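Asks: Mind folding the following:
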Amino acid sequence: MSEHIVKSYDKELESLGQKIAEMGGIAEKMLSDAMDALADFDTRLAQATINSDPRLDLLQREIEEQAILTIARRQPMAMDLREIIATIRISNDLERIGDLAKNIAKRAIKVSTDVRIPRAIIGLKSMHDSAAILLKDVLDAYAQRDAERARGVWVYDADLDALEDSIFRDLLTFMMEDPRNISFCAHLLFCSKNIERIGDHSTNIAETVVYLVTGETLPISRPKGRNMLSDSTTTTV
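Replies: Numbers count the residues shown, from 1 in each chain. Below you'll find the predicted structure:
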C-alpha cells in the first residue's frame, strides 16, 4: 500500500474516532441536562436537550455510512477491522443513549405542572450520577484503548441496577401514600428505567472496547457486583 493510501486510510480512521468523540460529548451533555431539567422543572433546558438529538442521529448515520465505505474500499484486516466495527457499535449505543436522555427531557416537560415531590428526585439524582460516571469512564476507556477500565464499567453497572430497584420501591411508597402522587411518580419510574438502560448501553460500549483492544469477548452473564471483577473471564475469538 503506497504512503499516500496509508495516510488517507489513517485519516479515515481518525475521522471516525473524532465523530465518536463528538457523539460522546453530546450524549454526556444530553444526560446531564435532562436530569437538571427534571430536577429543576426547567422546561427550556428540557426542550434544548430534545433539540440536541438530531445532531446525534446525524453523526450516527455518518459514522455508519463512512465505516461501510471504508470497509469496502480498504478491506481492512485484524485490528483495523475491529476498529471500524467498534465505531459502528459504539455509535449505535450512543445514539440510543441520546434517545433515552431525550425521553427523560420529554417527561421533565410533562411533570412540570404536576404535584411535585422534591424528595422523590433525590434517588434519581444518585442514579444519574452513577450512570454519568459509567458513561464518562467508558468513553475515556475507548479514547485511551483501556480494556481494564472498560471491564470495570462492565462490572460496576450492577450497582446501577441495584439503585433502580431501590428507587422503584421508594416511588411505589410515595404513590401508595397519596394518589395525587401517582402521575408524577409514574413518570419518574420511566425516567429511572431510562437511566438504567443508559447504564446497559455503557456496558455494551465497554464490551466493544474490550473486543477492540484485545480481540476477546466478555462473558454473556455479567458479574453481580464490583467485587466480582477478578472472577470474570474472557473468551478469545
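Asks: and Glu64, what is it in contact with?
Replies: Ile88, Ser91, Asn92 (Cβ atoms under 8 Å, 6 or more residues apart in numbering). For glycine as for every other residue, the C-beta is placed from the backbone atoms N, C-alpha and C.
Asks: Can you tell me the element the last one falls in?
Replies: With elements delineated by DSSP states H and E, Asn92 resides in helix 78-110, which encompasses its position.
Asks: Could you look up the next helix or strand downstream of that helix?
Replies: According to DSSP H and E, the helix or strand after helix 78-110 is helix 118-144.
Asks: tell me which residues in that following helix are buried?
Replies: Residues of helix 118-144 classed as buried by neighbour count (16 or more other Cβ atoms under 10 Å): 120-121, 123-124, 127-128, 130-135, 137-139, 141-142.
Asks: again with stretch 163-176
Replies: Within stretch 163-176, the residues scored as buried using 16+ other Cβ under 10 Å are Leu163, Glu164, Ile167, Phe168, Asp170, Leu171, Phe174, Met175.
Asks: On the pLDDT front, check the residue lying closest to Ala39 once chain neighbours are set aside for me.
Replies: Spatial nearest neighbour of Ala39, chain neighbours left out: Ile121 (5.2 Å); criterion: Cβ to Cβ, 6 or more residues apart in numbering. Note for Ile121: predicted pLDDT of 90.
Asks: Can you tell me which helices and strands the helix ranked longest in the chain packs against?
Replies: Longest helix in the chain by number of residues (criterion: DSSP state H): helix 3-40. When contacts are defined as 3 or more Cβ pairs under 8 Å, 6 or more residues apart in numbering; DSSP states H and E, helix 3-40 sits against helix 43-74, helix 78-110, helix 118-144.
Asks: which one of those helices lies closest to Tyr211?
Replies: helix 78-110 (6.5 Å; Cβ to Cβ).
Asks: For that closest one, what is the distance to the chain centroid?
Replies: Its chain's average C-alpha position is 6 Å from that of helix 78-110, according to Cα atoms, centre = their mean, to the nearest Å.
Asks: tell me what that helix is packed against?
Replies: helix 3-40, helix 43-74, helix 118-144, helix 182-214.
Asks: May I see the buried residues of that helix?
Replies: 80, 82-109.
Asks: what about it, average pLDDT?
Replies: Helix 78-110 comes out at a mean pLDDT of 95.
Asks: what angle sits between that helix and helix 182-214?
Replies: 170 degrees (axes from the mean of the first three to the mean of the last three Cα atoms, to 10 degrees).
Asks: In the protein, where is pLDDT below threshold?
Replies: Within the chain, the stretches with pLDDT under 70 are 1-6, 220-237.
Asks: Let me see the contact set for the residue lying closest to Arg107 once chain neighbours are set aside.
Replies: Distances taken as Cβ to Cβ, 6+ apart put His187 closest to Arg107, at 4.6 Å, once the chain neighbours are dropped. Applying Cβ under 8 Å, 6+ apart to His187 gives the contacts Arg107, Lys110, Val111, Asp114.
Asks: which of the residues you listed lies closest to Ser192?
Replies: So of the contacts of His187, ranked by how close each gets to Ser192 (Cβ to Cβ), first place is Arg107, at 10.7 Å.
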